[in-house]
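Peer 1: Following is a predicted model, sequence given first.
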Amino acid sequence: MVVLTEPVAIDATQIMLVLTPATMLRESNIRICRQVLAQGYTLVVVTTSYPFMILRKLYEQQGLDLSRIYFIDAITRYSLGSTPESAEHCRFVSNPSNLTDLGIAITEQLHAVPDEKICLFFDSVSTLVLYLPSESISKFIHFVTTKLRLLNHTGIFLTVEKGLDPMLLTQVTTFVDSVNFIGGAAPPPSPPPPE
């Protein structure tokens with residue numbers, strides 16, 4: 001595992017886990033999107049934290065190029081019971097615990113984006129803990145990271161610092177190429193040296 005610090009710079013097919021303090025989740029989301037777009041990527045944002053309409057408005061206010069951002073929203077239909085009518089560049093999944101539909105939506109969106117330089121941005125892994133057991137989350141993240149590698153795409157998985165149980169964090173860390181701490185998040189302490 002390579003531990004990186006700010007800013008988020010990614011290689012062509014790198015997959016990373018980004019940890020951030022809970023109070024900085026939204027700001028970290030915007031910062032990551034801005035940096036990834038600046039590197040020439042088209043973004044596929046999988047959101048389990050904020051409804052796509054809120055993220056789209058937030059990104060627009062921040063001057064992000066919405067024509068290069070596609071959304072997979074797993075929270076709006078769950079919260080509203082329906083899908084908004086004006087949903088350009090967005091696919092909806094019934095709820096964050098529906099990993100089958102979420103996986104299908106990710107696969108379809110990755111194939112539908114008219115660009116070869118794609119970054120999947122998952123916001124956030126820690127929100128999934130509210131809906132699913134850690135074992136299911138780990139299997140799903142493994143599925144997604146494997147798919148990204150096979151398709152030669154980049155991926156960023158955002159999570160709240162200390163928002164995952166230690167076993168889940170360890171498992172997810174083994175699926176990624178690097179771990180990045182932003183917004184004041186600190187790496188976990190190193191284990192003591194052997195005696």
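Peer 2: Nice, I can see it. Owing to the predicted nature of the structure, the values given are computational and were not obtained by experimental measurement.
Peer 1: name the element Met16 belongs to?
Peer 2: Using DSSP states H and E, Met16 falls within strand 15-20.
Peer 1: So which elements touch that strand?
Peer 2: Contacts defined by 3 or more Cβ pairs under 8 Å, 6 or more residues apart in numbering; DSSP states H and E place strand 15-20 against helix 25-38, helix 134-150, strand 154-160, helix 166-175, strand 178-181. From N, CA and C alone the C-beta is placed, and that goes for glycine too.
Peer 1: Relative to that strand, what are the paired strands and their orientations?
Peer 2: Based on DSSP bridges, the strands next to strand 15-20 in the sheet, each with its direction, are strand 154-160 (parallel), strand 178-181 (parallel).
Peer 1: Which one of the ones you listed lies nearest to Ser86?
Peer 2: Among these, the nearest to Ser86 by Cβ to Cβ is strand 154-160 (25.8 Å).
Peer 1: how far off helix 134-150 does that closest one point, in degrees?
Peer 2: 160 degrees (axes from the mean of the first three to the mean of the last three Cα atoms, to 10 degrees).
Peer 1: distance between strand 154-160 and the chain's centre?
Peer 2: Offset of strand 154-160 from its chain centre (Cα atoms, centre = their mean, to the nearest Å): 4 Å.
Peer 1: Check the gap between the residue lying closest to Thr13 once chain neighbours are set aside and Ile118 for me.
Peer 2: Nearest residue to Thr13, sequence neighbours excluded (Cβ to Cβ, 6 or more residues apart in numbering): Asn152, at 5.2 Å. Asn152 is 9 Å from Ile118, where distance means Cβ to Cβ, to the nearest Å.
Peer 1: Which one of the two is surrounded by more residues?
Peer 2: The neighbour count for Asn152 versus Ile118, taken as other Cβ atoms under 10 Å, is higher for Ile118 (22 against 11).
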